[in-house]
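[1] prediction below, plus the sequence it came from.
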Amino acid sequence: MMDEMIYESKCFLATDELLNNPHMGFMTFQRFNGDKLNDITKEHKWTEGYPIEYQEWNGSLINENHPDTKMAYWRVYWKFVEPEQGKYRWDMFDKALQTAHDRGQTLMLRIAPYGMAQDQDVPDWYRTIVGFEPDIRQKWRTDPENPLYTETFCNFIKAIGERYDGHPDLDSVDLSFIGYWGEGADCEQLSEKTMKKLADSYIDNFKKTPLMSLLTDDPRHHEYCRTKSDKIGYRADCLGDMGGFSESWSHMYVAYPEQINEFGLADVWKTGPVSFEVCWVVQHWLDKGWDIDYIIDQSLKWHITSFNAKSSPIPEIWKPNVERWLKKMGYRFAIRRARYSGQVKKSGRLHIKSWFENLGVAPIYHRYPLAFRLKSEKSGYILKSNTDITKWLPGDIIFSEDFTLPENIDTGNYMLQIAITGRFDDNPAIKLANEGRNPDGWHDIGNVDVL
């Protein structure tokens, strides 16, 4: 039968090209593409936790001395978003999301309950109600066991989730509720009831947008999160420390290897994102004589998807090392070969069997359509696959699928093409790591005759 005439595609060649794809790689911090980076000569100040200070934009998306990126990261303290109880500054979120969209980025978000400085306290209205709180732990500014705290903070997170969960420009949200900068200090001191209620404020209200716990949270918290959802990843905020705090202890040699394994997080990357943040800035690693390749290789072993360099410049001497990092970080999809029906009747069955390879260290955590296009000189027909690319772990991916051609398709010769398209349009959105990409982003597979 003609419908069963199977053709073989060429062998697709992988490319060593540096790909700037969505939801992976470096990110800007408290800034957006095209903004000036932090001046690291000024005591490493990044306006963390405060409303964004928007820079005048000249239309460029280039980040000087910093990798291209499709992610922006914003942390803001509770007090700035809920200045009056139950009244929220949605305009700040809307502007940040729109700015990220305009700069070709998605927005990663952390709502921290408070910071270390006096002007980083809980909201003024909350402080007025509870008053001065003596004997609070070193990195706490308020008592999380106070029922008022769990009620008001959880209501706050619920309101954010109800408004923004699944927003197309929201990349991920940190599951943050305690400690300076929301980093989870002394999480192990929380009662189980309080810990679960605070965690649920995120888990129950962000069903579509990926969540990340803080690696330093208590193991009970991580275990509880996994019982509620397998989509929760983790973030760690001090990648690169090789002994900057102590000669006998460091994040890279002690804390992270132990915590990732002992907290049961070694396989979380398969379904939830892993994100790291620089300890100090990358220039500091160079100044201290630390081995960047060791840092990179350890992060890849832990299946890193994204990295926050705090919008600070990358030393020129280390740009080749960072490029190597970016070519493995996150996902990197390449098509290798395909078999397909070479002749198909109108309303007939087009069979396609594909071999892909994920050359990165993690899957993608947002679902995008894999699409095939039949393209002729006169027309084009797009066929969307049911394949869930969030399941594409590192290594080989082989799958088959049948497509029924439309009844009104014109007869003639078509080029069968492939691309991973946008979530809201049919334009290629994720670059495949292959040579031979057409100017419009599609890759040719081979000819199909529609009879």
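    Arrived safely.
[2] can you give me the helices for the stretch 301-450 of the chain?
    For the stretch 301-450 of the chain, the helices defined by DSSP state H, counting those that start in this stretch cover 319-326.
[3] correct me if wrong: Arg437 contacts Asp444.
    No: in this structure, Arg437 is not within contact of Asp444 by Cβ atoms under 8 Å, at 9.6 Å. Quick note: C-beta positions are derived from backbone N, CA and C, even for glycine.
[4] between those two, which contacts overlap?
    Common neighbours of Arg437 and Asp444 (criterion: Cβ atoms under 8 Å, 6 or more residues apart in numbering): none identified.
[5] and the nearest residue to Gly342 once chain neighbours are set aside, backbone torsions?
    Distance criterion Cβ to Cβ, 6 or more residues apart in numbering; nearest residue to Gly342, sequence neighbours excluded, is Tyr7 at 3.8 Å. With angles defined as degrees, to the nearest 10, Tyr7 sits at phi -110, psi 160.
[6] touching, Tyr7 and Arg339? I think so.
    Yes: counting by Cβ under 8 Å, Tyr7 does reach Arg339; the two are 7.0 Å apart.
[7] shared neighbours of the two, anything?
    By Cβ under 8 Å, 6+ apart, Tyr7 and Arg339 have no common neighbours.
[8] hmm, back to that, and the residue nearest to Gly342, what are its bridge partners?
    Tyr340 (DSSP bridges).
[9] who touches it in this structure?
    So Tyr7 contacts Arg339, Tyr340, Ser341, Gly342, Gly446, Asn447, Val448 (Cβ under 8 Å, 6+ apart).
[10] hmm, try it at 10 Å
    Residues near Tyr7 by Cβ atoms under 10 Å, 6 or more residues apart in numbering: Ala338, Arg339, Tyr340, Ser341, Gly342, Gln343, Leu416, Ile445, Gly446, Asn447, Val448.
[11] over to Lys391?
    Lys270, Thr271, Pro363, Ile364, Arg367, Ile397, Phe399 are the contacts of Lys391 under Cβ under 10 Å, 6+ apart.
[12] for it, give me the pLDDT.
    At Lys391, the pLDDT value in this model is 98.
[13] what about it, distance to Ala433?
    18 Å (Cβ to Cβ, to the nearest Å).
[14] same question, Arg339
    Arg339 is 21 Å from Ala433, by Cβ to Cβ.
[15] who has more neighbours, these two?
    Ala433 (24 against 17; other Cβ atoms under 10 Å).
[16] contacts only, for the spatially closest residue to that one that is not a sequence neighbour.
    Sequence neighbours aside, Ala334 is the residue nearest to Ala433 in space, at 4.2 Å (criterion: Cβ to Cβ, 6+ apart). Counting by Cβ under 10 Å, 6+ apart, Ala334 touches 12-15, 355-360, 432-435.
[17] repeat the analysis, applying 7 Å as the threshold.
    Phe12, Ala14, Phe356, Glu357, Leu359, Leu432, Ala433, Asn434 (Cβ atoms under 7 Å, 6 or more residues apart in numbering).
[18] and what about the first one, helix, strand or coil?
    Which is Phe12. coil (DSSP: H, G, I helix; E, B strand; the rest coil).
[19] pretty sure it is touching Arg336, no?
    Yes: when contacts are counted by Cβ atoms under 7 Å, Phe12 is listed as touching Arg336 (5.7 Å).
[20] these two: who's more crowded?
    Phe12 (23 against 17).
[21] the residue nearest to Pro219 when sequence neighbours are not counted and Lys228: what is the separation?
    Taking Cβ to Cβ, 6+ apart, and ignoring the residues beside it in sequence, Pro219 has Phe263 as its nearest neighbour in space, at 4.7 Å. Using Cβ to Cβ, Phe263 is found at 16 Å from Lys228.
[22] give me the pLDDT value at the closest residue to Val344 other than its chain neighbours.
    What sits nearest to Val344 in space, not counting adjacent residues and going by Cβ to Cβ, 6+ apart, is Leu350, at 5.0 Å. With respect to pLDDT, Leu350 has a value of 96.
[23] same check on the one 10 residues further on?
    According to the predicted model, the pLDDT of Gly360 comes to 98.
[24] the one 3 residues further on now?
    Reading off the per-residue confidence, Pro363 sits at a pLDDT of 98.
[25] who's in contact with it?
    With Cβ under 7 Å, 6+ apart, Pro363 has these contacts: Tyr331, Thr390, Lys391, Trp392, Leu393.
[26] could you do Val274 as well?
    Gly233, Tyr234, Val268, Trp302, His303, Ile304, Thr305, Ala362.
[27] just send the contacts of Lys391 back as a markdown table, with distance to Lys207 too.
    Listed next are the contacts of Lys391 as a markdown table, based on distance: Cβ to Cβ, whole Å:
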| residue | distance to Lys207 |
| --- | --- |
| Lys270 | 19 |
| Thr271 | 14 |
| Pro363 | 19 |
| Ile364 | 18 |
| Arg367 | 14 |
| Ile397 | 26 |
| Phe399 | 27 |
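[28] which of the residues you listed sit farthest apart?
    Taking Cβ to Cβ as the measure, the contacts of Lys391 span a maximum distance of 18.8 Å, between Thr271 and Phe399.
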